[in-house]
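Participant: Below: sequence and its predicted model.
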Amino acid sequence: MVITMNKIRQISSNKYLCIGFFICAFIFGLVLPFCWGNNPAEPTGTLSLLCEHHQGWFWLWTVLTGGCFFFNIHHMFVKFNYRNRLLDAFTVLMLLGMILIAATLNHDISNWNPKRVAHWAGAVLYAFFTIGSVLLFFVLNIKRKGFLPFAIIMIMMPFIVLGWLILIGKSGYMEIIPNAFMEALLFSVNFLGILKPEKEKIKA
């Protein structure tokens, strides 16, 4: 596990790989929900229902989005010289959740059959561990300069998504907007210089 995570950190330190995944995932994530005449504003406008008969495109979304989050989250860990086995495990569980979502497409939504339960379990794993890995990173490092606003933003995210679900209801936008926001947040932290690692601040 240690050797594997060290290798992952080495790969994730490549900013061009991380930026490439971000660009592809961000653009594809905004385009795919509108394909084949889909309306993301509808309760049935989610990617999993849209791609029931276009599963290859959903798997591509899974690879791009999963790669974007996985490598950019680890790039953030590397940038700030932070190691935490729990957060490493969170990122792996996030990927497993995404794979489970993709593997259980085209299920019967008229009842809670095992395939539908597995699909929702994957969705919960993906959402919980994606938000959780970034949230805990900022909370555990909250004493670092500039980290508090990001910690507050990440604490608010689950409540915003839950409030959206309760007040507005399920729709494709409930997936599109949080995903795009999280991708943009990671890009900002990793590559726009909003937060500086300690060693950079010392040099300044």
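Facilitator: Looks like it arrived, so ask away. Model, not experiment: these values are computed from the prediction.

Participant: From Leu140, how far off is Thr104?
Facilitator: 33 Å (C-beta to C-beta, to the nearest Å). (Each C-beta comes from the backbone N, C-alpha and C, glycine too.)

Participant: Neighbour count for those two, which is higher?
Facilitator: Thr104 (19 against 15; other C-beta atoms under 10 Å).

Participant: Return the backbone torsion pair for the more buried one.
Facilitator: Main-chain dihedrals, Thr104, degrees, to the nearest 10: phi -120, psi 30.

Participant: Local confidence estimate at it?
Facilitator: Note for Thr104: predicted pLDDT of 92.

Participant: Please apply the same query to Phe187.
Facilitator: Each residue has a pLDDT score; the one for Phe187 is 97.

Participant: Now for Trp36: which residues touch it?
Facilitator: Going by C-beta atoms under 8 Å, 6 or more residues apart in numbering, Trp36 touches 50, 54.

Participant: how about 7 Å then?
Facilitator: Trp36 makes contact with Leu50, according to C-beta atoms under 7 Å, 6 or more residues apart in numbering.

Participant: how near is it to Phe26?
Facilitator: 21 Å.

Participant: Tell me which residues touch Cys51, please.
Facilitator: Contacts of Cys51 (C-beta under 7 Å, 6+ apart): 57-58, 105.

Participant: how about 10 Å then?
Facilitator: By C-beta atoms under 10 Å, 6 or more residues apart in numbering, the residues touching Cys51 are 32-33, 35-36, 38, 57-62, 102, 105-106.

Participant: now do Leu125
Facilitator: Shown in contact with Leu125 (C-beta under 10 Å, 6+ apart): 90, 93-101.
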